[in-house]
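S.K.: Curious how this folds, go ahead:
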Amino acid sequence: MQPIVAILCGGRGTRLQAATRSIPKPLVEIGGRPIVWHVIQIYLAQGFNRFVLLSGYRSELIERFARDTEWPADARVGCLDTGLDTPTGGRLQRAGADGALGDGRFCATYADGVADIDLRALLAEHDRHGALATMTVVRPELQFGVAELNGDGRVREFVEKPRSERWVNGGFFCFEAPVLDRLGPESVLEREPLAALAADGALRAFRHDGFWECLDTYKDAVALNDLWDGGRPPWKLWS
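M.R.: Below is the predicted model:
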């Protein structure tokens, strides 16, 4: 049985204000479906079927989405209101205390990031190294084109939106249950908890070189909708 998947759905989406004044960010639509639906489909396509949506802002709308959407017969999509302003680590801590994550390994991700990630490979890498936590890392496209210079300042060429040379948090995690003991109600997952795991040698990286995109701004929403409308969105791993 695949691990339970916790999806962090509590954010307000302040950089998407035009779209999120009345709905939470996870319900902003890509191709006529909320982006959190796309995230769930990525997991469903690879054999995961148990989900808990950790809601906050406009939690009643997240609950309605989960209740009213038609899911596969073997899928279980539930919600847990983890508080309006609870940070990411605190939401996971509340879910653990509530029993929503079970008592073993669990996966976690954000409700606003899509990728053509191989989740089975992520779990295999997690098994291989045996650490408490695995974090998917990606090299996102830079926002601007880059000028390539020679030694005396002459511009040799322009490269349109190359990938960053640095790896960043791509948001697809695999955790062992003891990670929950390191979280408190005010924990921001991406700060002290992950830093402490890294310092202890308990956090490993899974490198994803394929497509990855995060819905953070209106411009991102337009780009993702354009990819969907083009007929071959890279993250569509389902038929």
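S.K.: Now do the helices in the chain.
M.R.: 17-20, 35-44, 59-68, 88-98, 119-129, 192-199, 218-229 (DSSP state H).
S.K.: For this protein, spot the helix or strand the model is least confident about on average.
M.R.: helix 17-20 (a mean of 55; mean pLDDT, DSSP states H and E).
S.K.: any idea which of the helices of the chain is most buried?
M.R.: Mean neighbour count (mean count of other Cβ atoms under 10 Å) peaks for helix 35-44 among those, with a mean of 23. Bear in mind the C-beta positions are built from the backbone N, C-alpha and C, glycine included.
S.K.: Quick check: which helices or strands does that helix pack against?
M.R.: Using 3 or more Cβ pairs under 8 Å, 6 or more residues apart in numbering; DSSP states H and E as the contact test, the elements touching helix 35-44 are strand 4-9, strand 50-55, helix 59-68, strand 106-110, strand 113-115.
S.K.: Dig out what the residue nearest the centre of the chain forms beta bridges with.
M.R.: The centre of the chain sits closest to residue 110, judged by Cα atoms, centre = their mean, with a distance of 2.9 Å. Beta-bridge pairing of residue 110 under DSSP bridges involves residue 8.
S.K.: show me what contacts it?
M.R.: If a contact means Cβ atoms under 8 Å, 6 or more residues apart in numbering, then residue 110 has 7-8, 39, 171, 214 as its contacts.
S.K.: And these, which is closest to residue 187?
M.R.: Nearest to residue 187 out of the contacts of residue 110 is residue 8 (Cβ to Cβ; 12.5 Å).
S.K.: which ones are touching the closest one?
M.R.: Neighbouring residues of residue 8 by Cβ under 8 Å, 6+ apart: 54, 88, 91-92, 108-111.
S.K.: Next one: the closest residue in space to residue 173 that isn't next to it in sequence from residue 180, what distance?
M.R.: Spatial nearest neighbour of residue 173, chain neighbours left out: residue 108 (4.5 Å); criterion: Cβ to Cβ, 6 or more residues apart in numbering. With distances taken as Cβ to Cβ, to the nearest Å, residue 108 is found 11 Å from residue 180.
S.K.: overlap in contacts of those two?
M.R.: Common contact partners of residue 108 and residue 180 (Cβ under 8 Å, 6+ apart): residue 92.
S.K.: Can you pick out the residue with more neighbours from the two?
M.R.: Taking other Cβ atoms under 10 Å, residue 108 and residue 180 do not tie; residue 108 has more neighbours (26 against 19).
S.K.: What pLDDT does the model give that one?
M.R.: As predicted, residue 108 sits at a pLDDT of 98.
S.K.: I'd like to check which residues are in contact with it.
M.R.: With Cβ under 8 Å, 6+ apart, residue 108 has these contacts: 5-8, 92, 173, 175.
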